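Colleague: Turn this into a structure:
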Amino acid sequence: MCIISGGKYTNSARNVVLKPVLTCNKKHFFSDMRICLLLLAVMLCAPAGIACNGDKNIPPTPHPVPVTGVHAGSIIDPKNFDELLLAKLLLEQINQLRNKKGAKPLNPDELLAKAANEQNNYITAKSKLSHEQTNAQMRDVQKRVAYFGGDYDMVGENLQLFGFMVTTRGRNATIEYTTYEQAAEGMLQNWERSKPHYENLVRKEFTRAGTAIGFNKDKTGFYATQVYASNMASK
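Modeller: The predicted model follows:
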């Protein structure tokens with residue numbers, strides 16, 4: 001197994017050190033917004049024939065539901081959030097980038113979306129970015145994909161914490177939410193600025209992706225997880 005993570009390389013999953021890239025200061029702007037972000041990326045070259053031996057007591061992954069009347073130009077509202085729309089817009093932005101780099105577009109994949117959602121729920125609950133879990137059955141992205149029935153030659157995962165601008169006046173704080181289109185552009189730019197994330201975005205071996213996005217606990221931003229995979233493993 002080979003793992004690339006955070007610019008570090010090792011040939012053993014046990015020795016990998018994940019170091020998030022932190023950029024958060026008053027000089028960092030996107031579309032007149034102050035953005036605070038954390039990023040993590042990992043790519044696994046998996047052996048063929050990975051079996052699914054997950055704990056079946058793990059609750060099923062809920063499916064996001066489209067929100068009526070919300071479009072790309074709508075201002076994001078945590079009380080009426082359309083995860084599917086933002087995931088769709090983000091994938092469209094990524095595929096535009098891949099087209100420029102001569103890579104085929106990524107197709108949305110429901111199985112990979114389940115794996116992404118599993119990890120996104122985990123990091124949201126922990127309020128901390130990580131590619132790993134304490135549950136051995138869901139330890140890394142390779143095992144999570146296998147748990148949901150995936151068997152691929154190569155898988156990868158990008159994470160980020162995307163923050164909105166927060167202004168304060170006295171004891172009052174206002175969160176300045178963007179449109180869905182602006183958020184998708186900002187999320188893509190965050191990953192583009194980091195070499196290991198960018199490499200996952202444009203890797204020609206990847207043919208499909210699953211995305212999960214959800215608000216953090218104080219609604220000042222959201223965690224995003226995107227899982228990538230190549231073609232099915234050859235038997």
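Colleague: Isn't residue 216 up against residue 124?
Modeller: Yes: with contacts counted by C-beta atoms under 8 Å, residue 216 reaches residue 124, the gap being 6.4 Å. Quick note: C-beta positions are derived from backbone N, CA and C, even for glycine.
Colleague: Identify the contacts common to those two.
Modeller: residue 223 (C-beta atoms under 8 Å, 6 or more residues apart in numbering).
Colleague: The two - which one has more neighbours?
Modeller: Remark: of residue 216 and residue 124, residue 124 carries more neighbours, 18 against 15, as counted by other C-beta atoms under 10 Å.
Colleague: so which strand or helix has that one?
Modeller: Using DSSP states H and E, residue 124 maps to helix 110-126.
Colleague: Export that helix to PDB, keeping only CA atoms.
Modeller: Backbone C-alpha positions of helix 110-126 (Å, rounded to 0.1, in the frame of the first residue of the first chain) are rendered in PDB as follows:
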ATOM      1  CA  GLU A 110     -23.500   7.100  -4.500                       C
ATOM      2  CA  LEU A 111     -21.200   4.500  -2.900                       C
ATOM      3  CA  LEU A 112     -18.400   6.900  -2.500                       C
ATOM      4  CA  ALA A 113     -20.800   9.500  -1.200                       C
ATOM      5  CA  LYS A 114     -21.700   7.100   1.600                       C
ATOM      6  CA  ALA A 115     -18.100   6.700   2.500                       C
ATOM      7  CA  ALA A 116     -17.600  10.500   2.400                       C
ATOM      8  CA  ASN A 117     -20.700  11.100   4.600                       C
ATOM      9  CA  GLU A 118     -19.400   8.600   7.100                       C
ATOM     10  CA  GLN A 119     -16.100  10.400   7.600                       C
ATOM     11  CA  ASN A 120     -17.700  13.900   7.400                       C
ATOM     12  CA  ASN A 121     -20.100  13.000  10.200                       C
ATOM     13  CA  TYR A 122     -17.200  11.700  12.200                       C
ATOM     14  CA  ILE A 123     -15.000  14.800  11.900                       C
ATOM     15  CA  THR A 124     -18.000  17.100  12.500                       C
ATOM     16  CA  ALA A 125     -18.700  15.300  15.700                       C
ATOM     17  CA  LYS A 126     -15.100  15.500  16.800                       C
END
